[in-house]
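Asker: got a predicted structure here, sequence first:
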Amino acid sequence: MSEPTNREIWEEAFGASRIREQDYSTMSGIPLEPVYGPDDGEFPGQYPYTRGPHASMYRSKLWTMRMFAGFGTAEDTNNRFKEILKAGGGGLSTAFDMPTLLGLDSDDPMALGEVGRCGVAVDSLADMEDLYADIDLGEITTSMTINSPAAPIFAMYIAQAEKSGVNRVRLGGTLQNDILKEYQAQKEFVFPPRQSMRLVRDTIQFTAAEMPRWNSISISGYHIREAGSTAAEELAFTIANGFAYVELALQAGLPIDTFAPRLSFFFNAHIDFFEEIAKLRAARRIWARWMKERYGAESAKSMQLRFHTQTAGVSLTAQQPEVNIVRTAIEALAGVLGGTQSLHTNSMDEALALPTEKSARIALRTQQVIAHETNVTHVADPLGGSYFVEELTDEMERQAEEIFSKLDEFGDGSILEGVIRGIDENWFQGRLADSAYELERKFNAGERVIVGVSDFLEGNDDTMDILQITNEDEQRQRARLDTVKHDRDSEAVEKVLARLAQEAADPEVNLMPTLIEASHVYATLGEIMSTLAGVFGRHTEVPII
């Protein structure tokens, strides 16, 4: 009996998929096949998944339209969440303010003037209760962009769900929890790298055992790219960080196929259209091969890289902000043609302020037009086989492999140790600085045009209404925190924080259960982070000289 062809394998998988009821043809009535390519070629849903992780791709299910939101108080953001869901958003994504991202309470002197400005302020379980009030967390998936304080914020989320009657096993969503890229690019770190990685390990272990629908890490290239990397560096640094987390979990004794299916990724969709598509295709291929050949994964789900995409914030301009709608549409289309599983589209006014309700709705409508009017969802990997796209994909992979080899050398055969050494020795930071400088040099030399900034300046004097976060919003949040501290059982808080400190000193203890208990008694984020810092210490970056 002869071996089945690649097409026959794909047809069997495709046939088993639940396909959305739709007319799969062009507007002229030309019928469209779900995929194109030779019988002996690669198909979506087949290793190494260059053409997509699922056989039927968007014919089975559209990507999740997950809009990023967060500003002011939890009550303010809850109202925006409800508007997003009403407008057709399929999932929630929470942006936290700077004090929360740094593990500070809103009444901390360092938080003055920053509360609620670039995201929502979350100080305790009380804020988490307001943030998701009247939203069924058993039905809606949630992404939380939080890193150094990820474990305590996650604990508060679990506690809030349980208080509202949703068992943790039902919760679906993603915790960004990608601390390595903070040292490399975003700089919102608190503890030293190895102590921070202990918290990441604890969340991986906890979710693997108790939360089968939760993605414990969203390994993020987005912030690496926003810091100035090239597309190839974004790809390589992100995937290398993913390998580091895999090795971390393996060291903790977890079998690869028990946790790897719940690792997800987060990429930037920048303005170089074809390069971005090639980057996303190469990412799937690299991940699949390394997971199978280096780490011994046997489950297809461990090898299928799944990712969220966000359009490029750094490509937005304060000048002629309506033009940002065009930029965002092109970038979003690249994410879709690259095979994303989830997508956030930036709003036109984000170079000026937090998005207004109107501009956020336009950003969501951009995704809906791509999904429902363009027919690009009818065919999986429609650019597969293009000489240009395939060559770009191969080159992206080649450049990434060069970086992996360097990190492997740094770590004496361990990507985990190589990444940490690269952070300690400022190797990543230096690469990002050089790439950012080179891009800025091209802009200043006129080698790259930015519409409305370097050329085509008519209309730059136009004004736009923007969302204002006021000092009154900050005062409301501080008053809310005062009330929580007054009403809670202070003795219970002291006891659980003392136990947290004791357990933090033992690297074998998983801290998630105690963090959840601390959340239930309304310990604040600042109190929890200060307790951990008393054991772990605080990280200070050594500048590049």
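Answerer: All right, it came through fine.
Asker: what pLDDT does Thr463 get?
Answerer: At Thr463, the model reports a pLDDT of 83.
Asker: residue boundaries of the helices in the stretch 101-250 of the chain?
Answerer: With DSSP state H, counting those that start in this stretch, the ranges of helices along the stretch 101-250 of the chain come out as 125-131, 150-163, 180-181, 193-210, 222-226, 231-251.
Asker: Met65 reaches Gly89, doesn't it?
Answerer: Yes - under the criterion of Cβ atoms under 8 Å, Met65 makes contact with Gly89 at 5.4 Å. Any C-beta I mention is one placed from the backbone N, CA and C, and that applies to glycine too.
Asker: from the helices of the stretch 101-250 of the chain, which stretch is densest packed?
Answerer: Mean neighbours per residue, mean count of other Cβ atoms under 10 Å, is largest over the helices of the stretch 101-250 of the chain for helix 180-181, with a mean of 28.
Asker: could you say what helices and strands that one packs with?
Answerer: Secondary-structure packing of helix 180-181 (3 or more Cβ pairs under 8 Å, 6 or more residues apart in numbering; DSSP states H and E): helix 231-251.
Asker: avg pLDDT for the helix it packs on?
Answerer: pLDDT averaged over helix 231-251 gives 97.
Asker: and the direction of that helix versus that of helix 193-210, what angle?
Answerer: 70 degrees (axes from the mean of the first three to the mean of the last three Cα atoms, to 10 degrees).
Asker: which SSE is immediately downstream of helix 231-251?
Answerer: Proceeding N to C from helix 231-251, the next assigned helix or strand is helix 256-259, under DSSP states H and E.
Asker: now the element after that next one, going C-ward?
Answerer: strand 263-269.
Asker: could the C-alpha coordinates of that following strand be exported in PDB?
Answerer: Coordinates of the C-alpha atoms in strand 263-269 are reproduced here as PDB (Å, rounded to 0.1, in the frame of the first residue of the first chain):
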ATOM      1  CA  LEU A 263       2.800  28.700  25.000                       C
ATOM      2  CA  SER A 264       1.700  31.500  22.700                       C
ATOM      3  CA  PHE A 265       3.500  34.300  20.900                       C
ATOM      4  CA  PHE A 266       2.900  38.000  20.200                       C
ATOM      5  CA  PHE A 267       4.400  39.600  17.100                       C
ATOM      6  CA  ASN A 268       4.500  43.100  15.600                       C
ATOM      7  CA  ALA A 269       2.900  43.700  12.200                       C
END
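Asker: contact partners of it?
Answerer: Residues outside strand 263-269 that contact it (Cβ atoms under 8 Å, 6 or more residues apart in numbering): 174, 176, 178, 215-222, 224-226, 234, 238, 242, 245-246, 276, 279-280, 283, 287, 305-312, 331-332, 334-335, 338, 340-341.
Asker: one more time with 7 Å, if that's ok
Answerer: 174, 215, 217-222, 225-226, 234, 238, 242, 245, 276, 280, 283, 305-312, 331-332, 334-335 (Cβ atoms under 7 Å, 6 or more residues apart in numbering).
Asker: pull out the buried positions in whichever helix or strand comes after it.
Answerer: Using DSSP H and E, the helix or strand that directly follows strand 263-269 along the chain is helix 273-293. Across helix 273-293, burial judged by 16 or more other Cβ atoms under 10 Å covers 275-292.
Asker: swap in stretch 426-442?
Answerer: For stretch 426-442, by 16+ other Cβ under 10 Å, it's 426-429, 431-432, 435-436, 439.
Asker: what pLDDT, on average, does it get?
Answerer: 94.
Asker: just stretch 56-75 next, same as before
Answerer: pLDDT averaged over stretch 56-75 gives 91.
Asker: and it, how far from the chain's centre?
Answerer: Distance, stretch centre to chain centre, for stretch 56-75: 12 Å (Cα atoms, centre = their mean, to the nearest Å).
Asker: what separation do you get for the closest residue to Asp462 other than its chain neighbours and Arg285?
Answerer: Excluding its sequence neighbours, the residue lying closest to Asp462 (Cβ to Cβ, 6 or more residues apart in numbering) is Gln320, at 7.0 Å. In this structure, Gln320 and Arg285 are 38 Å apart, going by Cβ to Cβ, to the nearest Å.
Asker: which neighbours do Met65 and Gly89 have in common?
Answerer: Counting by Cβ under 7 Å, 6+ apart, the common neighbours of Met65 and Gly89 are Leu364.
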